[in-house]
Structures are given as C-alpha cells and as structure tokens.
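Trainee: I would like the atomic coordinates for the input below:
(chains A and B)
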Amino acid sequence: MHKRKPIIKIKERGIESLLLLSALSSIFVTLSIVFILFYEAIGFFKDVPLLEFLTGKQWTPLFAQPKFGILPLVTGTLLVTFIAVSVALPIGLIVAVYLSEYAPFKVKEVAKPILEILAAVPTVVYGYFALLFLTPILQKFIPELSGFNALSPGIIMGIMIIPYVSSVSEDAMKAVPMHIREGSYAMGATKFQTAFRVVIPSAFSGIAAAYIIGISRAIGETMVVAIAAGMMPNLTFNPIEPIQTLTAYIVGVSLGDVPHGTLEYKTIFAAGITLFLMTLFLNILGFIFRRRIREVY
Amino acid sequence: MMPKEDQNIYFIRERISRNKLRDHLFAIIGLLATLIGFVLLFTLIIDLLIDGFPRLGWQFFTSYPSRFPEKAGILSAWVGTTLVMIVTAATAVPLGIATGIYLEEYGKKNWLTHLIEINMNNLAGVPSIIYGLLALGLFVYFFRFGESILTGGLTLGLLILPMVVIATRESIRAIPNSIREASYALGATKWQTVKDHIIPYSTGGILTGIIIGLSRAIGETAPIITVGALTFIAFLPTPPITSEFPFLSFRWLSDPFTVMPIQMFNWISRPQHAFHLNAAAAGIVLLFMTLLMNGLAIYLRYRFRRKIKW
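Mentor: Coordinates of the predicted model:
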C-alpha cells in the first residue's frame, strides 16, 4: 500500500496537468487569432495610412490604381445586418414570449427542435435559397431590384437568426420568478399585459444579450451574403442595389489566387480585423448584459 | 342618461373584453411567428427537391465535377467532407472533453479558470470566417501544412471546440454531488471518480454536443474557402488503407481537397441553369446529412433525459 501511493499521486498530477493543458489551448487559439490579425494588418497599414483606410469612400484593392477605403464594405455589412435585425429582433421576441408564456407543452416540444434545426441548416443552402428563390419572387414586386441585392439575403439571414434571438430571450424570461407573474395576475392583468409590462422588463438584460448575439451573428455571417448580395463594394444604404460585406470580400479574394505576402493578401486581414473588432465589441457588451441576469434575483 | 356607476361598469367591461381580445390575438400572432421558421424550412426543402431531385442518382455520387453539368457529381466532395470530419472530430472531441472536465471538476475558482471560461464564451461568438483567417496564417503558412485536409479539419475542429466544451460542461453539471461523494467515500481518487463515474454518466450529453458540432462543421463553408480548398477537384486523396505494410497511410492528410458546401457554392456561382440544378441536388444531400445528425442528437437527448433518474 505505502509503495503505491506516490505512483498514484504522480498519475493524478499528470492527468490534471494534461487536462489543464487542453483547457489552455483555447487561450492559445484566441492569442493566435489576435496575433495573426494584428501582424498581417500592421503590414497592411505600413503601406496604407490608417486615415485613408477608415475614411476612404472607395474599396478597389485589385485595380491598377488601388483605393483602400473600408467604408463601402462597412456600410454593406451594416445594411444587410440592419435588414436581418429588423426581421429577427421583433419576430424573435414574439416567438420567445409565445414559447415562454403562452405555448402549451406539446407545441413547445415540437417547436423547439424545429427552431434548432433552422439554425443548423448550412448557410450555403440559405444562400442558394436567397439567390434563386427569394430574389426572383421579390423582383415581381420590386421590378428594379437587381439580381444581387442586400434585401433578399438580409431577409433570409433575419429568419435564420430568429432561433438565436428567441432561445436566449426565452431562457431569460423563464428565469423570471413565478411569483412576479402571480403578482401581476392577482392585479387582474391578462397574460399579454403580464408578458409585456412585467416579464419583458424583468428579463431586459437577457433580452438585450439575445439581441446583441443576434446582431453579432448577422455581422459575421458570410455565405448568404457572398452568394446573394453580390461582390461589388458600394457605398449605399439602398437595399435593392448589389453590395459587398466585409465577410464576402474575404471570400471573394480567397477564391482567387492571391500570392502570400502581397498587399492584396494583407487586405483580407485588414477587413478581418475590422470584422473581429466589431463582433468583439458586441460580444463583450453581450457578456456584460448576460452577467447582469444572474445579479437581479 | 345612464347613472354614473352603470356607465363605469360599462367602461370596465368593455376594457376587460378589449384586453382579453388582445390576449387572444397575441396567442395567434405568437403561433404565426413561430410558424415562420417552419414555413421557411418547408419551402426550402420543397424548392430544393423540385430542382435537384431528378439529378440524384447513383451517377451523381460517383462522378467527379465536370464542365458538363449532366455529367458532374459530388464524389470528391463527399469523400473530402468525410475525411475532413475525421480530422475535425479527432481535434475537437478529446480537446473539448478534456477542457470541459478540467473546468467542471478540477478548476479552482481562481483567475485562470475564470479567464478560460470568458475566453471560451468569446470564442463561441467569433465569426467562422475569422477562424479561416487564423488557419490561413497559422496552419497554412506558419506550420506549413498547406491547403490540405489536415488544415481544413483542424480549422473546423477549433471552430466547434466551444460547442463540445459547453455540452460537456452542461452534462457534467447535471450529475449530483452525491455521486462524487459516494465515489470518494470508497477511497477513489479524483481521476478514478472522473473516469469511472463522471464520464460514463455524462456520455449522452457529450455525444449530443459532438453530433451537433459536427453537423455544423459539415455545412461550414467560409473558413474552408479562406484556407484555400479548391473548388474543382477531379481526383481522390491517397487512400488511408494500403496494400503494403503497414497497411495504413496518412498521406491523405496533406492532400488538397474540396468539401460538399464548397462544391455546392461553386455550382451556385455559375451562370448556367443546369449547374444550379446540380447545386440543388448537392443541397439536398447536405441538408439531409445535417437534418439526420440533428435528429439523432435530439433523439439522444430525449432518450437520455428520460432514462436518467438520480
């Protein structure tokens, strides 16, 4: 017995270190992302002044006379995100209220898995659907709608992110204690009044977090816009024109043969770091809101 | 003229019925909003089937891509997807389970555990294309793995790592402490407790997380395009099983590849309508795979939830 103990102890320690090492690998991933994005972007900003990058109104890095203004890609991203969010946020909230306050158990048992599947459909399939199904239909109502446009992928993306918004909001509403609802019912309020004047305000932090997650998803979404929104950097807020998002630009360049180390190669990292910083900001904001949920009760 | 009290009651009644009406209306609106997802999914499947079903034949699965749409198939794509998924699973499963176990069972409440936790949450929110840029810089050019199956698999492995970790943690957290205490009371060490009790009891939840993670990886396109997977591949990677000793070969890891979603994307972006039909057929296969995996995951979760009673 006495002889075996140290061996067991060493084994235990060894396993613990191995598990810790695995856990640390995620930190290594984050550090690599930050390092690579900054390293390549710094190379880019040696050739292109930061001011030109942030304020330039043209993005034509592959032309003979290249222009490196990120604004068209940023407005393209924001435009599609705005359309997606106008679809996803209200519908997501209604779905969450319905599932958390109204729906009978059986409806919930069916609805939740299907919402999950909606989030699992490959985005390239949604892209196909936006380009070859929704756009032709929309063109019947808006004849001047171009074949590539921001509207159609925006709408599809909006429906696609409903599950993200609704599931987090629903969790937040479920966390509201029952006695708060009972207090409202006791005052003679209907379910509708209770849901909108009592439950939603109490679950505000969680719903805000859900909204932020939805927005962040929309900003980072790639294939739907790369397929259906076009590949034309366009400084516009007109949803019926073709545009290009930050993500679609990265895809467009990667499809071609761009030699390692050239300025064109570095542009995708410049676009990437812009995208990363936008989503990072939202993720941190979402994290702060989500932490607040637990503090309330 | 009505007396004042009657008038009040009249108003109150009207108000109550208006509120009740609003209540019922919302129940209908809520159901309709929930149905939007169903309608989209249904229309999507019907649309794909109408366009792509006639293309789905034996020949479609056994042909390479081609200039002629009616001769083109998804052989190199589904083989590529299968091989990439093997690497993805081999990366994400051990790393994810180990991380989950560390955070739940070993990690003390200190800054390091907290940092790993926050970092994991943040990684789950990083857009997939950023993982593609990471892989391009790290795997393709720094480690010089090239535009290979290994690079693709590792990239998707890192991408789904947070999902595996979260699933592992949730199912470990559901195990009551009495199980651990009983094991310690019998003199088991920490690792013996984890190995003989925690891991077996959380298998269902972990498995569900792995399947959902892999189903997401199958459909992921953007990061694979970024690492430079080719869109036109008319050959297969080196077979992993050889006729000579040692019968196993890992040469396929460094071969160029394509995957299902990229093949589909390539067909969508061609102007000819006939290629769009191929894209729809590839979409059916892709959708079928993800639906099957998600269905399996939902079934597993349902079964394990019923079976386990602590």
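Trainee: show me what the strand or helix carrying residue A:31 is packed against.
Mentor: Assigned by DSSP states H and E, residue A:31 belongs to helix A:4-47. On a contact count with 3 or more CB pairs under 8 Å, 6 or more residues apart in numbering or on different chains; DSSP states H and E, helix A:4-47 meets helix A:263-296, helix B:75-101, helix B:111-124, helix B:128-135, helix B:149-173, helix B:190-193. Yep, even glycine has a C-beta here, placed from its N, CA and C like the rest.
Trainee: packed most tightly, which of those would that be?
Mentor: Using mean count of other CB atoms under 10 Å in any protein chain shown, the stretch among those with the largest mean neighbour count is helix B:128-135, at a mean of 27.
Trainee: then it to CSV, C-alphas only?
Mentor: In CSV, the C-alpha atoms belonging to helix B:128-135 read as follows (Å, rounded to 0.1, in the frame of the first residue of the first chain):
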residue,chain,number,x,y,z
SER,B,128,-16.4,31.5,-38.6
ILE,B,129,-14.6,33.3,-41.3
ILE,B,130,-12.2,34.7,-38.7
TYR,B,131,-11.2,31.1,-38.0
GLY,B,132,-10.5,30.8,-41.6
LEU,B,133,-8.0,33.7,-41.4
LEU,B,134,-6.5,32.2,-38.3
ALA,B,135,-6.0,28.9,-40.2
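Trainee: quick one on the thing from earlier: want to try CSV for the helices and strands packed on helix A:4-47, with distance to residue A:171 and mean pLDDT as columns?
Mentor: Listed next are the helices and strands packed on helix A:4-47 as CSV, based on distance: least, CB to CB, whole Å; pLDDT from 0 to 100:
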stretch, distance to residue A:171, mean pLDDT
helix A:263-296, 9, 86
helix B:75-101, 20, 94
helix B:111-124, 15, 89
helix B:128-135, 24, 94
helix B:149-173, 13, 94
helix B:190-193, 31, 92
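Trainee: picking that back up, what's downstream of the helix holding residue A:31, the next helix or strand?
Mentor: Sequence order places helix A:50-55 as the next helix or strand after helix A:4-47, per DSSP H and E.
Trainee: what is the mean pLDDT for that following helix?
Mentor: For helix A:50-55, mean pLDDT rounds to 88.
Trainee: ok, and what's touching it?
Mentor: For helix A:50-55, the external contacting residues (CB atoms under 8 Å, 6 or more residues apart in numbering or on different chains) are A:45, A:68, A:69, A:70, A:71, A:270.
Trainee: please repeat the previous calculation with a cut-off of 7 Å.
Mentor: For helix A:50-55, contacts defined as CB atoms under 7 Å, 6 or more residues apart in numbering or on different chains pick out A:68, A:69, A:70, A:270.
Trainee: and it, what's buried?
Mentor: Residues of helix A:50-55 classed as buried under the neighbour-count rule (16 or more other CB atoms under 10 Å in any protein chain shown) are residue A:53.
Trainee: ok, back up a step: what angle separates the helix holding residue A:31 from helix A:263-296?
Mentor: 130 degrees (axes from the mean of the first three to the mean of the last three CA atoms, to 10 degrees).
Trainee: doesn't residue A:233 make contact with residue A:75?
Mentor: No: at 9.3 Å, residue A:75 does not count as touching residue A:233 under the criterion of CB atoms under 7 Å.
Trainee: which of the two has more neighbours?
Mentor: The neighbour comparison of residue A:75 against residue A:233 (other CB atoms under 10 Å in any protein chain shown) goes to residue A:233, with 25 against 21.
Trainee: who's in contact with the more buried one?
Mentor: A:59, A:72, A:73, A:76, A:244.
Trainee: close to chain A, is the helix or strand in which residue B:295 is found?
Mentor: Using DSSP H and E, residue B:295 sits in helix B:273-307. Yes: judged by CB under 7 Å from any CB of the partner chain, helix B:273-307 and chain A are in contact via B:276, B:279, B:283, B:286, B:287, B:290, B:291, B:294, B:298.
Trainee: which elements pack onto that helix?
Mentor: Counting contacts by 3 or more CB pairs under 7 Å, 6 or more residues apart in numbering or on different chains; DSSP states H and E, helix B:273-307 packs against helix A:105-120, helix A:123-129, helix B:4-52, helix B:199-219, helix B:260-268.
Trainee: would you mind giving these as TSV with mean neighbour count added?
Mentor: Listed next are the helices and strands packed on helix B:273-307 as TSV, based on neighbours: other CB atoms under 10 Å in any protein chain shown:
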stretch	mean neighbour count
helix A:105-120	16
helix A:123-129	28
helix B:4-52	15
helix B:199-219	21
helix B:260-268	26
